[in-house]
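> kindly generate the corresponding structure for this input.
(one chain, ligands or ions: 1)
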Amino acid sequence: MAAGRDRPGPLVPPGGWPWDPAGPQTPVAGSAAEVASLARKAATLGELVARQSVCRACPRLVAWREEVAIVRRRSFRDERYWGRPIPGWGSPRPRLLIVGLAPAAHGGNRTGRIFTGDRSGDFLFASLYRCGWAEKPTSVAMNDGQRLLGARMAAAVRCAPPDNKPEPAERDTCAPWLLAELRLIAAHLRVIVCLGGFAWQAIWPVLGRGGFALPRPRPSFGHGAEVRLENPQATGGVLLIGCYHPSQQNTFTGRVTPAMLDAIFARARACAGPETGEPIT
Ligand code: SF4
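Numbering: from 1, shown residues only. Predicted coordinates for the structure are as follows:
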């Protein structure tokens with residue numbers, strides 16, 4: 001099978017991307033079974049992220065992400081689009097994990113970094129900066145110097161879906177990537193913030209397979225909803241917090257305001273414990 005990183009070859013900038021976790025030897029998942037196998041066998045976060053970034057297991061999403069990357073939006077016509085899955089990004093030892101829905105067609109799918117290069121990301125990063133989770137108030141490109149401070153971001157579905165609507169089978173196919181990432185960071189994790197109901201729904205089976213004891217019935221999603229879970233890899237547990245997604249629709253209508261996001265990430269900071277002093281991205 002052609003490597004995912006090679007498929008939209010004409011889009012790769014001269015000299016390559018400023019950051020590309022995958023190399024020529026990175027195995028490419030082409031099916032749900034291969035995602036599960038490659039995710040489970042990834043021994044390190046670096047290996048996992050590389051494998052995520054070249055995955056081709058969902059034909060509909062692969063076709064869409066690459067078509068968008070070739071056609072492009074008029075305002076970005078002179079840019080090279082990433083056009084690949086968006087891997088997890090941030091600290092390798094995070095106290096906070098932020099889980100989103102899926103990358104935006106002209107945001108993450110363009111820039112190669114989650115929540116980067118679109119209005120949702122502008123809204124989110126401004127709040128993360130105000131609350132001490134990000135180095136800078138904006139995230140616009142993979143080489144912009146932005147860093148997450150003790151935090152990490154991941155999407156429940158790592159390829160941009162048409163109309164921002166992944167299908168249940170695509171969510172399930174992608175879930176082992178999130179599970180493997182969770183296992184590799186769980187020893188450090190204190191708080192998980194789910195952005196939107198889709199991420200809230202997607203995280204439960206992943207937590208269950210990761211050995212977290214789940215409450216029954218499953219708590220409903222809401223802005224500020226909280227559930228404390230035992231962490232199989234660390235004492236003190238993990239606090240799961242629901243947060244309305246900072247989508248353009250939600251922010252334009254005032255359903256989500258900067259103050260509301262700040263309250264969530266300030267709460268996450270209060271519950272995440274002391275700094276470990278390692279702002280690594
Ligand atoms: S959505 Fe996930 S499983 Fe499907 S192709 Fe993208 S990275 Fe692979």
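> residues from the stretch 151-281 of the chain in reach of the ligand?
Contact residues, the stretch 151-281 of the chain versus the ligand (Cβ under 6 Å from any ligand atom): 157, 158, 159, 170, 173, 174, 177. (Glycine included, C-beta is placed from N, CA and C.)
> and the two most separated of these?
Taking Cβ to Cβ as the measure, these span a maximum distance of 11.9 Å, between 170 and 177.
> starting at the chain centroid, how far to the helix or strand containing residue 266?
Here residue 266 is covered by helix 258-272, with elements defined by DSSP states H and E. Mean C-alpha position of helix 258-272 versus that of the full chain (Cα atoms, centre = their mean, to the nearest Å) differs by 19 Å.
> which residues does that helix contact?
With Cβ atoms under 8 Å, 6 or more residues apart in numbering as the test, helix 258-272 has contacts from 95-96, 123-124, 126-128, 130-133, 150, 190-191, 193, 223-224, 239, 241, 243-244, 246.
> using PDB, list the CA coordinates for that helix.
Only the C-alpha atoms of helix 258-272 are listed here, as PDB (Å, rounded to 0.1, in the frame of the first residue of the first chain):
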ATOM      1  CA  PRO A 258     -14.600  33.200  26.800                       C
ATOM      2  CA  ALA A 259     -15.600  33.300  30.500                       C
ATOM      3  CA  MET A 260     -17.200  29.900  30.200                       C
ATOM      4  CA  LEU A 261     -14.100  28.400  28.700                       C
ATOM      5  CA  ASP A 262     -11.900  30.100  31.200                       C
ATOM      6  CA  ALA A 263     -14.000  28.600  34.000                       C
ATOM      7  CA  ILE A 264     -13.400  25.100  32.700                       C
ATOM      8  CA  PHE A 265      -9.700  25.400  32.200                       C
ATOM      9  CA  ALA A 266      -9.200  27.300  35.500                       C
ATOM     10  CA  ARG A 267     -11.000  24.400  37.200                       C
ATOM     11  CA  ALA A 268      -8.800  21.900  35.300                       C
ATOM     12  CA  ARG A 269      -5.800  23.800  36.500                       C
ATOM     13  CA  ALA A 270      -7.000  23.800  40.100                       C
ATOM     14  CA  CYS A 271      -7.600  20.000  40.000                       C
ATOM     15  CA  ALA A 272      -4.500  19.000  38.000                       C
END
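> mind listing what's buried in it?
Judged by neighbour count (16 or more other Cβ atoms under 10 Å), helix 258-272 contains these buried residues: 260, 261, 263, 264, 265, 267, 268, 269, 271, 272.
> got any ranges where the stretch 151-281 of the chain has weak pLDDT?
275-281 (pLDDT under 70).
> sec struct for residue 255, please.
When classified by DSSP: H, G, I helix; E, B strand; the rest coil, residue 255 comes out as coil.
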